[in-house]
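**Q** output the structure for:
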Amino acid sequence: MPPLLPGDRSPPEAGQFRLVAGGLSLFSGTLSYQQNAPKTSLVTRIWQLALGLLVVLTTAQAQDIARPSLGGDRAAFPIYSSPIPASRYNVKAGPVKMLFNASLGASYNSNVNVSEDNPIGSFVLSPRVGMGVYWPITKLNKLRLNVSVGYDYYFSDPELGGQTLLVSPDTEFMFNLFAGDVQITFFDRPSITNNPVDNPSLSDAVNYTMLNNTAGINISWDLNDVLLGAGFSNYINYALNDDFDYLNRISNQVFANASFLVLPYLRLGLEGSATGTVYTEGSNAGSNSLNNNIDYTLGGFAQGTISRYLEWTGGAGWQITDFNEGNNPLNTGNYSKPYFYFNIDNTLNRYFSHRLSTGFEGIPSSESNWLALFYVRYSFNWMLIRDWSLGGSAFYENGTESDGPDSEDFNRVGANISLNYQLSEHWVLSLFVGGISKGSTVTSYDYTQQQFGGIVTYTF
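**A** Model prediction:
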């Protein structure tokens with residue numbers, strides 16, 4: 001699969017979608033309707049529907065860095081639900097609603113292996129099929145299943161894509177169960193991806209095919225002005241290419257949060273998490289071996305609305321990661337730094353919406369113990385005229401790794417833009433272009449990548 005530009009590393013929140021075409025994460029948007037939102041024309045609604053369906057068959061951002069989400073993500077959006085609202089399914093069998101679609105993408109990637117010295121360019125053909133299932137078992141208890149699979153064929157060398165079936169990170173199983181004021185959510189999100197750009201500390205990578213699975217339980221207790229949340233998640237990362245076996249790992253996380261509605265437009269709370277990570281290869285990977293660790297976060301968060309069309313979330317606290325350096329004593333240093341995040345979403349009018357995110361956090365590195373990452377990301381969606389839409393995104397990242405034989409400091413910047421046209425009720429065409437550049441203190445880790453192409457989508 002062609003590499004993707006970095007974006008939000010967590011799955012889409014309730015009612016949101018992420019448009020991906022030919023391996024480029026083009027933009028994000030919101031599909032949920034609000035009672036007091038601006039009135040939307042029929043053309044706009046049809047176009048939003050087309051974009052929402054596109055997520056089921058295209059491949060979105062992978063979480064192939066085993067960094068469990070900070071507690072703030074859980075606190076602000078405690079329930080991961082389907083990116084497709086129940087009203088958008090196009091097949092019904094009794095109470096069960098289903099959605100089916102397919103797409104074909106064609107693109108060119110100038111540097112599939114993100115290499116400075118030996119870049120490999122290739123044309124890529126990307127067929128996708130998707131299915132969504134929504135089953136309201138009772139009025140409150142609901143089951144959702146989204147599955148999106150595909151294949152990327154690289155004309156210069158078919159082995160660049162791993163020659164394996166790809167499973168979109170938006171693939172998920174989710175079941176909501178209510179017991180009084182308590183909501184219990186069981187979830188499982190498997191994926192198979194081939195996206196070296198998604199790993200900030202990775203360069204010169206061929207056939208970076210990873211199997212990931214995140215499963216767990218999330219409990220939310222609504223006491224009117226007070227919200228209490230807690231949960232557990234298990235994360236598995238497994239390399240389908242033996243060259244990356246040293247990244248195989250299992251992480252288990254427990255998290256909790258509590259918040260209080262202090263004003264009608266402001267909620268304040270506390271959050272915390274504890275995560276244990278074990279690299280299953282141990283010291284067998286030699287100089288590439290990575291160290292087991294335990295990570296803790298504790299801090300406060302806030303979320304609010306400035307107006308009915310402007311929402312924000314933010315949080316700050318302290319993060320500590322303790323490493324057992326028995327696997328690789330060459331990688332040294334524990335982590336103890338503050339973290340923060342801030343997201344703001346604005347629907348300017350019925351034609352234009354955008355999102356700005358920034359933050360700083362510690363995540364596991366592929367080359368040493370940890371990577372301290374600062375990021376800024378922006379995305380927009382603009383309805384131009386009837387049936388035409390423009391979307392895009394841009395990002396900046398600054399990373400500093402802990403001491404190790406292969407550690408680096410780097411800057412990455414990237415951007416893309418897409419032009420989208422609804423050909424008919426069932427067909428959507430998207431054309432896109434984008435690029436990304438990395439500058440590193442290790443010269444051989446520098447790279448530049450450009451992509452362009454198109455994708456056509458059919459919704460049954």
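
**Q** for the rest of this, base every contact and every neighbour count on C-alpha atoms.
**A** OK.

**Q** buried set for stretch 204-222?
**A** 204-221 (16 or more other CA atoms under 10 Å).

**Q** pLDDT below threshold where in this protein?
**A** The model of the chain has pLDDT under 70 over residues 1-88, 162.

**Q** what residue in it is the furthest from its centre?
**A** The C-alpha centroid of the chain is most remote from residue 94, which lies 32.8 Å away (CA atoms, centre = their mean).

**Q** quick one: contacts for that residue?
**A** Contact analysis of residue 94 by CA atoms under 8 Å, 6 or more residues apart in numbering lists nothing.

**Q** please tell me how far it sits from residue 134.
**A** 11 Å (CA to CA, to the nearest Å).

**Q** any shared contact partners between these two?
**A** Joint contacts of residue 94 and residue 134 (CA under 8 Å, 6+ apart) do not exist.

**Q** that older thread, distance of the residue farthest from the centre of the chain relative to residue 137?
**A** Computed as CA to CA, the residue 94 to residue 137 distance reads 11 Å.

**Q** and what of residue 212?
**A** 29 Å.

**Q** residue 145 too?
**A** Distance from residue 145 to residue 137, by CA to CA: 13 Å.

**Q** okay, these two: which has more neighbours?
**A** For residue 145 versus residue 137, neighbours defined as other CA atoms under 10 Å are more numerous around residue 145 (20 against 14).

**Q** what helices or strands is the helix or strand containing that one leaning on?
**A** Using DSSP states H and E, residue 145 falls within strand 142-150. Judged by 3 or more CA pairs under 8 Å, 6 or more residues apart in numbering; DSSP states H and E, the packing partners of strand 142-150 are helix 42-57, strand 122-136, strand 166-167, strand 172-179.

**Q** so residue 437 sits in a helix?
**A** No: counting by DSSP: H, G, I helix; E, B strand; the rest coil, residue 437 is located in no helix; its state is strand.

**Q** quick one, what contacts the closest residue to it other than its chain neighbours?
**A** Distance criterion CA to CA, 6 or more residues apart in numbering; nearest residue to residue 437, sequence neighbours excluded, is residue 448 at 4.3 Å. By CA under 8 Å, 6+ apart, the contact set of residue 448 is 111, 114-116, 435-438.

**Q** so which residues of the stretch 151-300 of the chain form strands?
**A** Using DSSP state E, counting those that start in this stretch, the strands found in the stretch 151-300 of the chain span residues 153-154, 166-167, 172-179, 182-193, 210-223, 226-239, 249-263, 266-279, 292-307.

**Q** list the contacts of the first one.
**A** Translated: strand 153-154. Contacts for strand 153-154 (CA under 8 Å, 6+ apart): 1, 122-126, 160-161, 163.

**Q** within its sheet, name the partner strands of that strand and how each one runs.
**A** strand 122-136 (antiparallel) (DSSP bridges).

**Q** and the angle from the strand it pairs with to strand 142-150?
**A** 160 degrees (axes from the mean of the first three to the mean of the last three CA atoms, to 10 degrees).

**Q** next one: strand 122-136 to chain centre, how far?
**A** Its chain's C-alpha centre lies 16 Å from the corresponding centre of strand 122-136 when counted by CA atoms, centre = their mean, to the nearest Å.

**Q** and the gap between residue 154 and residue 128?
**A** 15 Å.

**Q** buried set for stretch 224-240?
**A** 227-240.

**Q** now, which of these sits nearest residue 442?
**A** Using CA to CA, residue 239 comes nearest to residue 442 of those, at 24.8 Å.

**Q** where's residue 253 relative to residue 105, distance?
**A** For residue 253 relative to residue 105 (CA to CA), the value is 37 Å.

**Q** also residue 154?
**A** Distance from residue 154 to residue 105, counting by CA to CA: 12 Å.

**Q** what touches both of these two?
**A** Common neighbours of residue 154 and residue 105 (criterion: CA under 8 Å, 6+ apart): 124-125.

**Q** just to revisit the earlier point, next one: phi and psi at the residue farthest from the centre of the chain?
**A** Main-chain dihedrals, residue 94, degrees, to the nearest 10: phi 70, psi -130.

**Q** from residue 173, how far off is it?
**A** The gap separating residue 94 from residue 173 is 20 Å, by CA to CA.

**Q** appreciated, that's everything.
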